[in-house]
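Asker: I'd like to go over a predicted model; first the sequence, then the structure.
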Amino acid sequence: MTSIFDYVLFHFQRLYHLPSPLELGYGPDSPGRVQIRATTSTFFERQQPKPVQTVWKDWQGAQIPLFFDEATDAPWFTQNGQGQVEVQYDLIASAFYLLSGWQEFYGQERDQFGRFPYRASQQARHRFITKPLVNYYLQILREAVELAYGQEVQPRLWQGKPFATCLTHDVDYCQSAWKVAGIPALKKGNLSLFLQLALQKAKGKDAWFNLPQVAQELQRLPAEATFFFLPESAPFEGHPNADYEVTSPPLQQQIKELTAAGHEIGLHGSHGTGSNRRQLQTELGKLPTPVKGNRFHYLRFDPQKSPALLEELGLAYDSSLGFPEHFGFRNSYCHPFRLFHFKERRMTSVWELPLNLMDITLHHPNYLQLTPAEVMPVLTPMLEEIMRFHGVFTLLWHNENFSPYGLEGGLQMFRDITAFVQSKGTAFLSMHAAVAGTEKN
Ligand SMILES: [Zn+2]
């Protein structure tokens with residue numbers, strides 16, 4: 001059984017080069033050189049999704065909510081006559097609450113795809129979706145450690161670079177631009193576009209059969225990326241899965257070429273697999289190479305079932321935890337973290353690489369409606385948070401949005417975002433490399 005303290009401490013140790021041994025005490029029964037006050041709340045013994053109160057406290061100009069403390073004027077931490085540093089607020093409880101995804105497991109709200117909706121989240125209610133609060137809590141703890149030990153504590157970096165970027169591409173469509181983009185064009189009276197796409201398709205090369213173009217964009221950076229392939233082509237309850245067969249020769253050839261160029265292949269679990277172990281296992285078996293990670297199609301992560309199921313199948317990581325409705329930090333953390341198994345009250349072996357931004361979130365009738373010119377100014381504050389905490393930025397850009405027949409201005413937006421992080425000195429890493437970098441810390 002993992003205590004909430006062990007879970008948070010595990011992640012704290014992955015972020016910083018901490019003194020060893022680290023004498024960190026939590027609650028009255030375990031004294032340490034740094035002593036963290038523990039809440040008297042019985043919240044974690046019950047099954048309520050939301051804490052009853054929220055207090056706000058200033059940290060270097062930022063307003064930080066705390067969920068298990070009373071409002072007081074006490075400073076964040078104080079040092080006593082023996083040099084011991086006392087943290088006056090329960091940073092551990094607030095960090096655990098957000099990082100573990102407690103509100104999703106115990107909350108009843110789900111959308112039509114069984115997903116926990118953004119509007120039901122604390123992040124929406126208190127407007128902190130673009131603030132990685134768990135990183136703030138751990139930063140405060142780091143400063144308490146620095147004071148107690150009289151030494152600076154350095155953050156861990158990414159192959160010497162200040163932050164990492166994981167570029168990822170879910171491959172849903174690669175042979176139906178003529179239909180998915182062409183037929184709506186025809187209905188709007190754009191016959192020439194329809195004919196152009198249909199002609200391309202007839203020549204055996206659909207406009208979305210464009211993985212070499214995606215690879216070329218990556219080569220320009222250069223970046224090693226992760227491509228998630230969807231091994232199910234049959235629709236599920238009327239919702240589309242892949243428009244291709246992953247076992248067909250043209251797809252096998254694409255996968256071979258991407259692998260040869262240094263890119264990683266992952267599983268894109270189809271509709272319903274977030275709660276269906278057997279189907280997810282079948283899909284894993286259809287991929288031509290063994291894979292380490294998964295992202296669910298439509299981000300259909302089931303908070304009740306997915307963590308255990310991913311662990312049972314031996315997957316090293318998942319990258320489905322982002323809100324489709326809004327970019328930012330779904331678990332309020334900008335680093336990889338280990339999923340929590342609520343029924344067994346323990347940390348699983350599965351890493352989550354939280355998804356910060358999906359292309360269609362930026363412009364979609366159900367999500368945001370940003371113009372291409374608005375995109376970078378809107379995203380910059382979130383990216384600055386990731387840089388500030390030396391975290392990982394995970395981006396999902398579908399292959400169809402590299403073509404002129406997907407998201408309007410999609411290719412230019414991808415170039416703008418990647419040029420920005422590159423200008424800030426990012427390390428472009430595949431997902432398994434980002435996990436490996438976190439794991440060894
Ligand atoms: Zn998908």
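Answerer: Noted; the coordinates are in hand. The model shown is predicted, which means the values in this text are computed figures rather than measured ones. Numbers count the residues shown, from 1 in each chain.
Asker: domain parsing for the chain?
Answerer: Listed domain ranges for the chain are 4-155, 164-174+210-439 (source: automatic domain parsing).
Asker: check those domains for me and report the most buried one.
Answerer: domain 164-174+210-439 (a mean of 20; mean count of other CB atoms under 10 Å). Every C-beta, even on glycine, is put in place using the N, C-alpha and C of the backbone.
Asker: about what we covered before: columns distance to the ion and mean pLDDT on top of the domains of the chain, output as TSV?
Answerer: Output for those, formatted as TSV (distance: least, CB to the ion, whole Å; pLDDT from 0 to 100):
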stretch	distance to the ion	mean pLDDT
domain 4-155	11	96
domain 164-174+210-439	4	96
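Asker: got those domains as a markdown table, with distance to residue 187 columns?
Answerer: Shown next, in a markdown table, are the domains of the chain (distance: least, CB to CB, whole Å):
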| stretch | distance to residue 187 |
| --- | --- |
| domain 4-155 | 25 |
| domain 164-174+210-439 | 15 |
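Asker: list the contacts for the residue nearest in space to the middle of the chain?
Answerer: The structure's the chain has its C-alpha centroid closest to residue 354; by CA atoms, centre = their mean the separation is 1.3 Å. Shown in contact with residue 354 (CB atoms under 8 Å, 6 or more residues apart in numbering): 319, 321, 322, 329, 330, 331, 333, 334, 336, 337, 394.
Asker: who wins for proximity to residue 203 among the domains of the chain?
Answerer: Among these, the nearest to residue 203 by CB to CB is domain 164-174+210-439 (13.7 Å).
Asker: just the strands in the stretch 251-400 of the chain please.
Answerer: For the stretch 251-400 of the chain, the strands defined by DSSP state E, counting those that start in this stretch cover 264-269, 293-296, 317-318, 337-341, 346-352, 357-358, 392-396.
Asker: just the stretch 51-200 of the chain next, same as before
Answerer: Using DSSP E, counting those that start in this stretch, the strands of the stretch 51-200 of the chain run over 55-59, 62-66, 77-79, 85-87, 154-155, 164-171.
Asker: those helices in the stretch 301-441 of the chain, which residues are they?
Answerer: For the stretch 301-441 of the chain, helices defined by DSSP state H, counting those that start in this stretch occupy the ranges 306-312, 359-362, 372-388, 410-423, 431-439.
Asker: dump the shortest one to CSV, keeping only the CA atoms.
Answerer: The C-alpha trace of helix 359-362 is given here as CSV (Å, rounded to 0.1, in the frame of the first residue of the first chain):
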residue,chain,number,x,y,z
ASP,A,359,-4.3,20.1,-32.7
ILE,A,360,-8.1,20.1,-33.0
THR,A,361,-8.6,21.6,-29.5
LEU,A,362,-7.4,24.9,-31.0
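Asker: contact partners of it?
Answerer: If you take CB under 8 Å, 6+ apart as the criterion, helix 359-362 is touched by 323-327, 367-368, 370, 375, 396-398, 401, 407, 410, 413-414.
Asker: circling back: let me know which of the strands of the stretch 251-400 of the chain is the nearest to residue 73.
Answerer: So among those, strand 337-341 is nearest, using CB to CB, at 32.4 Å.
Asker: need the contact partners of the closest one.
Answerer: For strand 337-341, the external contacting residues (CB under 8 Å, 6+ apart) are 2, 7, 10-11, 99-101, 306-308, 310-311, 318, 331, 346-352, 354.
Asker: go again with 6 Å.
Answerer: The contact list for strand 337-341 (CB atoms under 6 Å, 6 or more residues apart in numbering) reads 11, 99, 100, 307, 308, 347, 348, 350, 351, 352.
Asker: same question for stretch 422-439.
Answerer: Outside stretch 422-439, the residues within contact range by CB under 6 Å, 6+ apart are 14, 158-159, 161-166, 223-224, 226, 264, 292-293, 317, 336, 351, 353, 387, 392.
Asker: ok, stretch 139-149 next?
Answerer: 16, 19, 33, 34, 76, 77, 85, 87, 91, 152, 153.
Asker: restrict that stretch to CA atoms and write it as PDB.
Answerer: This file holds the C-alpha atoms of stretch 139-149, laid out as PDB (Å, rounded to 0.1, in the frame of the first residue of the first chain):
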ATOM      1  CA  GLN A 139       9.000  23.900  -5.900                       C
ATOM      2  CA  ILE A 140       8.000  25.300  -2.400                       C
ATOM      3  CA  LEU A 141       9.100  22.100  -0.900                       C
ATOM      4  CA  ARG A 142      12.400  22.300  -2.700                       C
ATOM      5  CA  GLU A 143      13.000  25.800  -1.200                       C
ATOM      6  CA  ALA A 144      12.200  24.400   2.300                       C
ATOM      7  CA  VAL A 145      14.800  21.700   1.700                       C
ATOM      8  CA  GLU A 146      17.400  24.300   0.500                       C
ATOM      9  CA  LEU A 147      16.900  26.300   3.700                       C
ATOM     10  CA  ALA A 148      17.100  23.300   6.000                       C
ATOM     11  CA  TYR A 149      20.300  21.900   4.300                       C
END
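Asker: who's sitting farthest from the centroid in the chain?
Answerer: Here, in the chain (CA atoms, centre = their mean), the farthest residue from the centre turns out to be residue 81, at 43.0 Å.
Asker: and that residue, what does it touch?
Answerer: Contact analysis of residue 81 by CB under 6 Å, 6+ apart lists nothing.
Asker: got it, and the one 3 residues further on?
Answerer: Taking CB under 6 Å, 6+ apart as the criterion, residue 84 is in contact with residue 33.
Asker: equivalent analysis for residue 326, please.
Answerer: Listed by CB under 6 Å, 6+ apart, the contact set of residue 326 reads 118, 129.
Asker: cool, the one 10 residues further on as well?
Answerer: Neighbouring residues of residue 336 by CB under 6 Å, 6+ apart: 351, 353, 435, 438.
Asker: ok, it to residue 254 distance?
Answerer: 28 Å (CB to CB, to the nearest Å).
Asker: for residue 159, same thing?
Answerer: Going from residue 159 to residue 254 by CB to CB gives 28 Å.
Asker: could you do residue 335 as well?
Answerer: Going from residue 335 to residue 254 by CB to CB gives 31 Å.
Asker: equivalent analysis for residue 240, please.
Answerer: Taking CB to CB, one finds residue 240 at 20 Å from residue 254.
Asker: check residue 237 too.
Answerer: 28 Å.
Asker: just residue 351 next, same as before
Answerer: 27 Å.
Asker: so what's residue 14 closest to, chain neighbours aside?
Answerer: Nearest non-adjacent residue to residue 14, counting by CB to CB, 6 or more residues apart in numbering: residue 441, 4.6 Å away.
Asker: show the pLDDT at that neighbour.
Answerer: On pLDDT, residue 441 comes in at 75.
Asker: do residue 177 as well
Answerer: Predicted confidence (pLDDT) for residue 177: 67.
Asker: cool, residue 1 as well?
Answerer: Listed pLDDT for residue 1 reads 49.
Asker: likewise for residue 208?
Answerer: Residue 208 carries a pLDDT value of 76.
Asker: before I go, just wanted to say thanks for your time.
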